[in-house]
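> Sequence plus the predicted model coming up.
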Amino acid sequence: MNAIIEKYLSNNQLWAKQKRESNPDYFDLLAKEQHPNALILGCSDSRVSPSVVIGAELGEVFVHRNIANVVSHADLNFLSVLQYAIEVLQIRHIIIYGHYGCGGIKAAMSNKHYGLIDNWLANIRDVIEWHQQELQAIDDEHERFNRLVELNVLAQMKNLRQSSVYRKAAQNGCAPQLHAWVYDFSTGIIRDLQSSPEIIIPK
């Protein structure tokens, strides 16, 4: 067996042993049901694991991840997760969780062709087009990159609000509260875009 895979399996056995030692009922309780407080839509980037970053235990958050945390109305995978989270798990919060330094955002900013993923990046290129004037006014490339990360999170929150699943929940008076977060893996800190006074929220 590959040494990396052996390491992962060994780590798992040690982790499970430690959990049982600290709480003998831990896995029995976990196996019965889940009651997550929030659904997190995050990026697939290996450096930004949502559960790890917020210190969540198993069962606390329902997580869906894709390239650049996109809400696509054609993505039945995410829409199914969203429906299950709202209608079955009855979560009360949905967090769109982007991050600075996002490779998907950077790829969308370039004129390069990447193959199949170009179809997915089109969602982000739409965001660039919508905010072209603002982005072009930012001279510093790094700042422009960071701003697009923020604008993408805010755009995906709008997309989520327009989804049939969320609109149905809103009509029934049970729509979860939406949150726009950006994680900075250079500091380990999450920025809540809606409560940061220096962040401009597009209308």
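Perfect, I can see it now. Numbering: from 1, shown residues only.
> is it true that residue 181 lies in a strand?
Yes - applying DSSP: H, G, I helix; E, B strand; the rest coil, one finds residue 181 inside a strand.
> Show me the contact partners of the worst-scoring helix or strand of the chain on mean pLDDT.
Least confident element among the helices and strands of the chain, by mean pLDDT, DSSP states H and E: helix 26-32 (a mean of 91). Applying Cβ atoms under 8 Å, 6 or more residues apart in numbering, the contact partners of helix 26-32 are 16, 19-20, 58-59. C-beta here means a position set from N, CA and C on the backbone, and glycine is covered the same way.
> what's the most distant pair in these?
20 and 59 (16.2 Å; Cβ to Cβ).
> rewinding a little: next, the buried residues of the least confident helix or strand of the chain.
For helix 26-32, the buried set under the neighbour-count rule, 16 or more other Cβ atoms under 10 Å, comprises residue 26.
> Helix or strand next in line after that helix, which one?
strand 38-43 (DSSP states H and E).
> so how far is that following strand from its chain's centroid?
In terms of Cα atoms, centre = their mean, to the nearest Å, the centre of strand 38-43 is set 4 Å apart from its chain centre.
> I'd like the numbering to begin with 363 instead of 1 from here.
Noted, 363 is the first residue going forward, which turns the last one into strand 400-405.
> Kindly export it (C-alpha atoms) in CSV.
Taking C-alpha atoms only, strand 400-405 is exported to CSV below (Å, rounded to 0.1, in the frame of the first residue of the first chain):
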residue,chain,number,x,y,z
ALA,A,400,-25.5,25.6,9.0
LEU,A,401,-24.9,24.7,5.4
ILE,A,402,-21.5,25.9,4.1
LEU,A,403,-20.8,26.3,0.4
GLY,A,404,-17.1,26.4,0.1
CYS,A,405,-14.3,26.1,-2.4
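> gap between residue 416 and residue 502?
In this view, residue 416 and residue 502 are 30 Å apart by Cβ to Cβ, to the nearest Å.
> okay, the two: which has more neighbours?
Remark: of residue 416 and residue 502, residue 416 carries more neighbours, 16 against 9, as counted by other Cβ atoms under 10 Å.
> Just to check, that one is in contact with residue 550?
No - checked against Cβ atoms under 8 Å, the pair residue 416 and residue 550 is beyond contact range at 11.0 Å.
> Pull up the per-residue confidence for the nearest residue to residue 404 once chain neighbours are set aside.
Nearest residue to residue 404, sequence neighbours excluded (Cβ to Cβ, 6 or more residues apart in numbering): residue 459, at 4.1 Å. Looking at residue 459, its pLDDT is 97.
> Parallel or antiparallel, list what pairs with the helix or strand where residue 459 lies.
Taking DSSP H and E as the definition, residue 459 sits inside strand 455-461. As defined by DSSP bridges, the strand partners of strand 455-461 come to strand 400-405 (parallel), strand 539-546 (parallel).
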